[in-house]
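Trainee: Mind folding the following:
(4 chains)
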2 protein chains.
Amino acid sequence: MNPPKNHRTQRPEIPRKTIYRLSIYLRCLQRLAANGIHTVSSEAMALAAGVKSPQLRKDLAYFGQFGTRGLGYDVDQLSSMITQWLGTSSLQPVILVGVGNLGTALLSYRGFQKEGFSVVGAFDIRPVSRQARQSEPVVMTMGQIEGFVRERGVRLAILCVPPEAAQEVANRLVAVGIVGIMNFAPTVLHVPEEVVVNNVNLAIELENLSFFIQQ
Amino acid sequence: MNPPKNHRTQRPEIPRKTIYRLSIYLRCLQRLAANGIHTVSSEAMALAAGVKSPQLRKDLAYFGQFGTRGLGYDVDQLSSMITQWLGTSSLQPVILVGVGNLGTALLSYRGFQKEGFSVVGAFDIRPVSRQARQSEPVVMTMGQIEGFVRERGVRLAILCVPPEAAQEVANRLVAVGIVGIMNFAPTVLHVPEEVVVNNVNLAIELENLSFFIQQ
DNA sequence: AAATGTGAAGTTGTTCACAGCT
DNA sequence: AGCTGTGAACAACTTCACATTT
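Mentor: Residues are numbered from 1 along each chain as shown, chains lettered A, B, ... in the order given. This is a model prediction of the structure:
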């Protein structure tokens, strides 16, 4: 969904799609582990992940050799390797900017915490109106972003502001040290090349479905 | 983010990425129109959309010839052509299944309506507990899905149920005529090849960012 | 003069097929 | 015997360069 921003990264060869698949493999491995399975072949895992087995092996090959020929992969070991590669071994702080409909929902969404992310701060131009709904964390004013981000060393942000405000807010975030933005605003953000943007646009996903189901 | 499901489509040559970009072009055109601009060059539009100009021209070329050499494209005309290609000229009915945190948020999200989709029904195993929040449409029980979808001829569904339930619910939806699923559950859905699935996984997007901002 | 439309070249990502371990 | 790791073949997508049209 997003323009690849592979330049500059310390491992510039690895495709973004591979990284997406890593996350999928991780989910499969977690389910295997939960079922008490300790070893898995690329064939079986690829099936569960919805890819072909050479794809999976190629993806892992970007990082080294982890399997045992004739046997397969160790579920727990591979699991923790992937977590390490993704950089989610330790809990990552994230801020959320724009606490409207979607922002509010994301604040109460459990999915992030489960995968190693913690929304440590939320910001809005009119924080008081939102605060009513017992939200955690407390919603702060936009003016507090700079201090908060610098103090806590936050590097990731979820952007849920209206499209007109998105670019300006993104500029402020980048200026203060944010290097990864998950952008829910239906706007193309222009950022320095060391900053990574992942666009999530729900209307576009529906439009895409609409095209492919036609007739 | 998703496996391409290009087989079977009536226009099998057009890449999924092109369709995503069509949506982006459409947003740009709408903004241009709002600013009273009637003609645009591929160069200018590509800049706004964050792509290179030959890319844009190639994308449009899949559908025919729409520009005037030496001039550019007619904003309004191209806008309505794209809407037509995407199949969103008329309001599309969508159902939402699973009214938890995320599902509730999506129900109150204005973004869909604005782009030609209407959430005409919502379903949950425990509809009463959700109904409290004055939601529109009213949340129905899972048992009512079949009748509702058949009666209204709904073809698109937004799936926000827990991962354990996702596959089973998807099967029911497919059985009753749903051919496009926007899947928020962190599970790989297995569906017949005539059904299109778009996975939206917020945790995976964050993990992806996490990888690229490392160090 | 300006900007589209497109064949051809280039790049990136996927799949195959099999050599090489265990 | 089974399954990984990988060079080589393949397919898909992107970019270029320019002929063509207004």
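
Trainee: ok, and A:V94, which helix or strand is that part of?
Mentor: strand A:92-97 (DSSP states H and E).

Trainee: go on, A:E136?
Mentor: According to DSSP H and E, A:E136 maps onto no helix or strand at all.

Trainee: from memory it sits against A:Q113, does it?
Mentor: No: using C-beta atoms under 8 Å, A:E136 is not in contact with A:Q113; the gap is 11.1 Å. (C-beta placed from N, C-alpha, C; glycine too.)

Trainee: The two: which is more packed in?
Mentor: Using other C-beta atoms under 10 Å in any protein chain shown as the criterion, A:E136 and A:Q113 rank with A:Q113 on top: 12 against 9.

Trainee: In terms of pLDDT, where does that one sit?
Mentor: Per-residue confidence (pLDDT) for A:Q113: 89.

Trainee: helix/strand/coil for it?
Mentor: helix (DSSP: H, G, I helix; E, B strand; the rest coil).

Trainee: sec struct for the residue lying closest to it once chain neighbours are set aside, please.
Mentor: The shortest distance from A:Q113 to any non-neighbouring residue, by C-beta to C-beta, 6 or more residues apart in numbering or on different chains, is to A:V119 (8.0 Å). Counting by three-state DSSP, the backbone at A:V119 sits in strand.

Trainee: for A:V119, what are its contacts?
Mentor: Going by C-beta atoms under 8 Å, 6 or more residues apart in numbering or on different chains, A:V119 touches A:V94, A:I95, A:L96, A:L106, A:L107, A:F112, A:Q113, A:P137, A:I158.

Trainee: how close does it get to A:P93?
Mentor: 8 Å (C-beta to C-beta, to the nearest Å).

Trainee: now do A:L22
Mentor: From A:L22 to A:P93 the distance is 22 Å (C-beta to C-beta).

Trainee: Specify which member of the contacts of A:V119 is nearest to B:P186.
Mentor: Within those, the smallest distance to B:P186 is 11.6 Å, found for A:F112 (C-beta to C-beta).

Trainee: Contacts only, for the closest one.
Mentor: Residues near A:F112 by C-beta under 8 Å, 6+ apart: A:V94, A:L106, A:S118, A:V119, B:L202, B:A203, B:L206.

Trainee: Can you show me the strands along chain A?
Mentor: For chain A, the strands defined by DSSP state E occupy A:39-40, A:67-68, A:72-74, A:92-97, A:117-124, A:139-141, A:156-159, A:180-183, A:196-199.

Trainee: Nearest to DNA strand D among those would be which one?
Mentor: Taking C-beta to the nearest atom of the strand, strand A:67-68 is the member of the strands of chain A nearest to DNA strand D, at 2.9 Å.

Trainee: centre of the chain versus the closest one, how much separation?
Mentor: 29 Å (C-alpha atoms, centre = their mean, to the nearest Å).

Trainee: just stretch A:89-108 next, same as before
Mentor: Distance, centroid of stretch A:89-108 to centroid of chain: 12 Å (C-alpha atoms, centre = their mean).

Trainee: Whichever helix in chain A runs longest and DNA strand D in contact?
Mentor: Secondary structure assigned by DSSP state H gives helix A:16-34 as the longest helix of chain A. No: figure legend: helix A:16-34 not in contact with DNA strand D (C-beta under 7 Å from any atom of the strand); closest approach 10.7 Å.

Trainee: Can you spell out which helices and strands pack onto that helix?
Mentor: helix A:42-49, helix A:53-61, helix A:75-86, helix B:202-212 (3 or more C-beta pairs under 8 Å, 6 or more residues apart in numbering or on different chains; DSSP states H and E).

Trainee: at 6 Å instead, please
Mentor: Here helix A:16-34 touches helix A:42-49, helix A:75-86, helix B:202-212, going by 3 or more C-beta pairs under 6 Å, 6 or more residues apart in numbering or on different chains; DSSP states H and E.

Trainee: Confidence-wise, which helix or strand of chain A is lowest on average?
Mentor: helix A:127-131 (a mean of 68; mean pLDDT, DSSP states H and E).

Trainee: Can you tell me how far the residue positioned nearest the centre of chain A is from A:L71?
Mentor: Nearest to the geometric centre of chain A sits A:M182, at 7.1 Å (C-alpha atoms, centre = their mean). As judged by C-beta to C-beta, A:M182 and A:L71 stand 38 Å apart.

Trainee: Return the residues of chain A in contact with DNA strand C.
Mentor: So chain A meets DNA strand C at A:4, A:6, A:15-18, A:51-52, A:54-55, A:58, A:68-71 (C-beta under 7 Å from any atom of the strand).

Trainee: and with 6 Å instead?
Mentor: Along chain A, the residues adjacent to DNA strand C under the rule C-beta under 6 Å from any atom of the strand are A:P4, A:P15, A:K17, A:K52, A:P54, A:Q55, A:K58, A:T68, A:R69, A:G70.

Trainee: neighbours around the second one, how many?
Mentor: Put plainly, it is A:P15. 13.

Trainee: Nearest residue to the closest residue to chain B within chain A in space, please, no chain neighbours.
Mentor: Nearest residue of chain A to chain B: A:A105, at 2.5 Å (C-beta to the nearest C-beta). Among residues not flanking A:A105 along the chain, B:A105 sits closest, at 2.5 Å (C-beta to C-beta, 6+ apart).

Trainee: do A:V196 as well
Mentor: That would be B:F212: by C-beta to C-beta, 6+ apart, it lies 4.3 Å from A:V196.

Trainee: mind checking pLDDT for that neighbour?
Mentor: 95.
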